[in-house]
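Participant: Just to be clear, the model below is a prediction. Sequence and coordinates:
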Amino acid sequence: MSSGSSGSSGLIAAVIIGPVARVLLLLPSATYRAPDFLDAARALDVEVVVASEQRQTLAGAMGDRALHLELSDPGAAAEAIVALARRAPLDAVVAVDDQGVLVAAEASARLGLPANAPAAVAATRDKTLMRRALAEAGVPQPAYRVVGPEDDVVAAASELGFPCVVKPVSLSGSRGVIRVDDPAAAGAAATRVRHILDDADEDAAGPLLVERFVAGDEVALEGLLRGGRLDVLTVFDKPDPLDGPYFEETIYVTPSRKPAAALDTIAARTADAIVALGLREGPIHAELRVSGDEVFVLEVAARSIGGLCSRALRFGAGVRLEELILRHALGLPLDGVQREAVAAGVMMLPIPRAGVLAGVHGQDRARAVPGIAGLEITIHAGRPVQPLPEGDRYLGFLFARGATPAEVEQSLRAAHACLDVVID
């Protein structure tokens, strides 16, 4: 799950100044999540500083409640935050997406705020560092090889054994992740991944990761770290098979229908990975594969679930995930971190083909499906669209609630069937 909403631009006016605490939110201009985090801050009555790589239109009037910085340069961005904090102290620095996690870690370390160490966060943003840390700790994960620009991708894949997965080390949301079943496909996939990296302004000449494909069901664990202790907030099933050649995620449903023993192993593997990476504070989002009796860690991110998917989650008396994250960052009480009993789910609406989005018909019919709690189309008509592996966003999000996970899944599929996506 990655960028693609209208972003934080124009949301400065929504910031509410309160007396309790002061938090700096790192809001990339393309994030989906600005409204939800600002709503959470409003609910807690905290003062917000909005920091983004895009200069806000009302920044002059907002003074030290708006900060322009370059998220691509964590060191310089952290220094800008420290300079601001000297004028008006901060109680927390919170990143809402992958783009800001390194900046948040660097700034928090310099300000002496509780947070993950920058080196630990860096390992979550570079899949080669992550794989090496997990390997050193003996955490089950796919067999892998790191392939440099001069290395033979075909030889690495052949050594691991087919099928394999070729992926970039830096991108997220399954962008650039391709399954290959033979030597010819491995070479073609590596070339394609490097083109995707170039389009994303990433290092196209850097290393790639080649992994042995692990068959099985994929799950996602959402957690909160407090002093190194993992609180499992929920585990999502992903009922659509993710077997490739591309790995476009669609449906997430919770609670998981996995047996208790499997859920215990999922939590244990995630906890082991967190220790191996050195993470200690804040939200984590882990992706794992359940293959027979074993569970393999695919990746761990030092942030919460992406896109608008967090809207499927409620805790205690209707508390949203973003409020839990801000409460933790600010050292506020964290009562009621148990997810509500009702089943819930979200569907990330896939983009069927490349082109220009003309419209999405049938939205009223989709919203009328029993169990559907919401529908958000996050790409405007007239905008270019591109599916994975080149694409970096989804068409939108469907939300459902019900008595059982099966009912939620059925509602999401029925509502999706009502939608007619027109692409020119």
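Facilitator: Thanks, I have it.
Participant: Low-confidence bits of this structure, can you list those?
Facilitator: The model of the chain has pLDDT under 70 over residues 1-20, 56-63, 336.
Participant: quick check: domain ranges of it?
Facilitator: Structural domains assigned to the chain are 12-122, 143-212, 342-424, following automatic domain parsing.
Participant: could I get those as JSON lines with mean neighbour count and distance to residue 331?
Facilitator: For the C-beta atoms, the positions are set from N, CA and C on the backbone; glycine is no exception. Listed next are those as JSON lines, based on neighbours: other CB atoms under 10 Å; distance: least, CB to CB, whole Å:
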{"stretch": "domain 12-122", "mean neighbour count": "20", "distance to residue 331": "8"}
{"stretch": "domain 143-212", "mean neighbour count": "18", "distance to residue 331": "29"}
{"stretch": "domain 342-424", "mean neighbour count": "18", "distance to residue 331": "29"}
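Participant: what's the closest of those to residue 327?
Facilitator: Proximity to residue 327 (CB to CB) singles out domain 12-122 among the domains of the chain, at 7.0 Å.
Participant: what's the spacing between residue 96 and residue 299?
Facilitator: Distance from residue 96 to residue 299, counting by CB to CB, to the nearest Å: 18 Å.
Participant: sorry, that was for residue 380
Facilitator: For residue 380 relative to residue 299 (CB to CB), the value is 31 Å.
Participant: Likewise for residue 280?
Facilitator: Distance, residue 280 to residue 299, using CB to CB: 18 Å.
Participant: mind listing the helices for the stretch 101-250 of the chain?
Facilitator: Shown for the stretch 101-250 of the chain, the helices assigned by DSSP state H, counting those that start in this stretch span residues 118-125, 127-137, 153-160, 183-199.
Participant: Tell me which of those lies nearest to residue 26.
Facilitator: helix 118-125 (12.4 Å).
Participant: Identify all contacting residues around the closest one.
Facilitator: Contacting residues not belonging to helix 118-125 are listed as 74, 98, 101-102, 104-106, 109, 129-130, 133, 170, 277-280, 299-302 [CB atoms under 8 Å, 6 or more residues apart in numbering].
Participant: now the residue nearest in space to the middle of the chain: how far from residue 418?
Facilitator: Note on the chain: the residue nearest the mean C-alpha position is residue 306, at 3.4 Å, using CA atoms, centre = their mean. Remark: distance between residue 306 and residue 418 (CB to CB) = 25 Å.
Participant: Ok, residue 124 next?
Facilitator: For residue 124, the distance to residue 418 equals 38 Å [CB to CB].
Participant: same deal with residue 395?
Facilitator: Going from residue 395 to residue 418 by CB to CB gives 14 Å.
Participant: With residue 376 instead?
Facilitator: Note on residue 376: its distance to residue 418, by CB to CB, is 15 Å.
Participant: circling back to that earlier point, and the residue nearest to the centre of the chain, backbone torsions?
Facilitator: Main-chain torsions, residue 306, degrees, to the nearest 10: phi -90, psi -180.
Participant: Hmm, residue 287 and it touching each other?
Facilitator: No. Using CB atoms under 8 Å, residue 306 is not in contact with residue 287, being 11.2 Å away.
Participant: ok, residue 100 - contacts?
Facilitator: Counting by CB under 8 Å, 6+ apart, residue 100 makes contact with 26, 27, 28, 51, 71.
Participant: Next step: these restricted to strands.
Facilitator: Mapping these onto strands (DSSP state E) picks out 26, 51.
Participant: Let me know the closest of the contacts of residue 100 to residue 311.
Facilitator: Checking the contacts of residue 100 against residue 311 with CB to CB, the nearest one is residue 27 at 17.1 Å.
Participant: Quick check: that closest one vs residue 38, distance?
Facilitator: Distance of residue 27 to residue 38, given as CB to CB: 8 Å.
Participant: Which residue comes closest to residue 165 once chain neighbours are left out?
Facilitator: Distances taken as CB to CB, 6 or more residues apart in numbering put residue 211 closest to residue 165, at 4.7 Å, once the chain neighbours are dropped.
Participant: Contacts only, for that neighbour.
Facilitator: The neighbours of residue 211, taking CB under 8 Å, 6+ apart as the test, are 142, 143, 144, 145, 160, 164, 165, 167.
Participant: Would you mind putting the residues you listed into TSV with distance to residue 153 alongside?
Facilitator: Compiled in TSV, the contacts of residue 211 are given as follows (distance: CB to CB, whole Å):
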residue	distance to residue 153
142	16
143	15
144	13
145	9
160	11
164	9
165	12
167	12
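Participant: Can you tell me which of the residues you listed end up in strands?
Facilitator: Counting by DSSP E, the contacts of residue 211 place 144, 145, 164, 165, 167 in strands.
Participant: Which one of those is nearest to residue 317?
Facilitator: Distances from residue 317 to these, taken by CB to CB, are shortest for residue 167, at 40.6 Å.
Participant: That closest one: what's its closest spatial neighbour, skipping adjacent residues?
Facilitator: For residue 167, ignoring the flanking residues on the chain, the nearest one in space by CB to CB, 6+ apart is residue 177 at 4.4 Å.
Participant: Only alpha carbons, please: show the helix or strand encompassing residue 374 as CSV.
Facilitator: Element membership for residue 374 (DSSP states H and E) is strand 372-377. Output of strand 372-377 as CSV, limited to C-alpha atoms (Å, rounded to 0.1, in the frame of the first residue of the first chain):
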residue,chain,number,x,y,z
ILE,A,372,-20.4,-2.7,3.2
ALA,A,373,-19.3,0.1,5.5
GLY,A,374,-17.6,2.4,3.0
LEU,A,375,-16.1,2.9,-0.5
GLU,A,376,-13.4,5.4,-1.3
ILE,A,377,-12.2,5.9,-4.9
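Participant: Show me how far it is from its chain's centre.
Facilitator: 19 Å (CA atoms, centre = their mean, to the nearest Å).
Participant: Heading C-terminal from it, find the next helix or strand.
Facilitator: Next along the chain after strand 372-377, taking DSSP H and E as the criterion, comes strand 384-385.
Participant: Which strands or helices does that next one pack on?
Facilitator: Applying 3 or more CB pairs under 8 Å, 6 or more residues apart in numbering; DSSP states H and E, we find strand 384-385 packed against strand 355-361.
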